[in-house]
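> Sequence and computational prediction follow.
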Amino acid sequence: MYQKNPFKLTEPLIKKSCDAKTFGRGEEYIDAVSTLTLRGDEISVKVYGSMPRPYRVKISFNQKDWKYGDCNCPADYRPCKHIIAVLLKIVREGVDSIEPTFEDSLKLLEADALRNLLVTLVEKKPDLIDDIQAILTGDPKDEDELDADYEADSEFDE
Ligand SMILES: [Zn+2]
């Protein structure tokens, strides 16, 4: 059995990370959080709100900065109620499963399986072919953009 809350996360810690109003709103959203799958030290999850499309919350637990998790909602402060809802669900109900990171699961695939994966992805999302071509041909402008994305993503890495 895995630990259901492997982050030493507690409700008082979560409460300290936000104001009382956000904490209360977060509590109301716990049931709107989809299945919690931990990949490596990251959780990426959907939170269903009043909008037709759910918000996407991503929290990395490798640093003390878990409370600055990403959310694509329009609130201009963090943690927002969606991040709080995910953190509270972890504390109260635990994570549902623990999987290898996306990168680690790719490492297990043979070259043929990887090629099939890419072909299937491009069939589903034809726009991806432009991104893939840009990476393959090393278009410098796109590469800069990719670097910028990468740096923004890894801000809290060691
Ligand atoms: Zn949010």
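Received it, and whenever you're ready, just let me know what you need. Numbers count the residues shown, from 1 in each chain.
> residues of stretch 50-67 that come out buried?
Judged by neighbour count using 16 or more other C-beta atoms under 10 Å, the buried positions of stretch 50-67 are P54, Y55, V57, I59, S60, F61, W66, K67. C-beta coordinates here come from the backbone N, C-alpha and C atoms, glycine included.
> In strands, which of those appear?
Y55, V57, I59, S60 (DSSP state E).
> out of those residues, which one sits closest to L9?
Set against L9, the nearest of those by C-beta to C-beta is I59 (10.0 Å).
> which one is that closest one nearest to, not counting chain neighbours?
G69 (3.5 Å; C-beta to C-beta, 6 or more residues apart in numbering).
> Near that neighbour, how many other residues are there?
23 (other C-beta atoms under 10 Å).
> Can we start the residue count at 3 from this point?
Yes, from this point I'll number from 3; that puts the last item at G71.
> Show me where the chain has its helices.
Per DSSP state H, the chain carries helices over the ranges 13-18, 22-30, 83-95, 104-109, 113-126, 130-139, 142-155.
> so what does the fifth one touch, helix or strand wise?
Right, helix 113-126. helix 130-139 (3 or more C-beta pairs under 8 Å, 6 or more residues apart in numbering; DSSP states H and E).
> Quick one: distance of the helix it packs on to the chain centre.
Remark: helix 130-139 is offset 24 Å from the chain centroid, using C-alpha atoms, centre = their mean, to the nearest Å.
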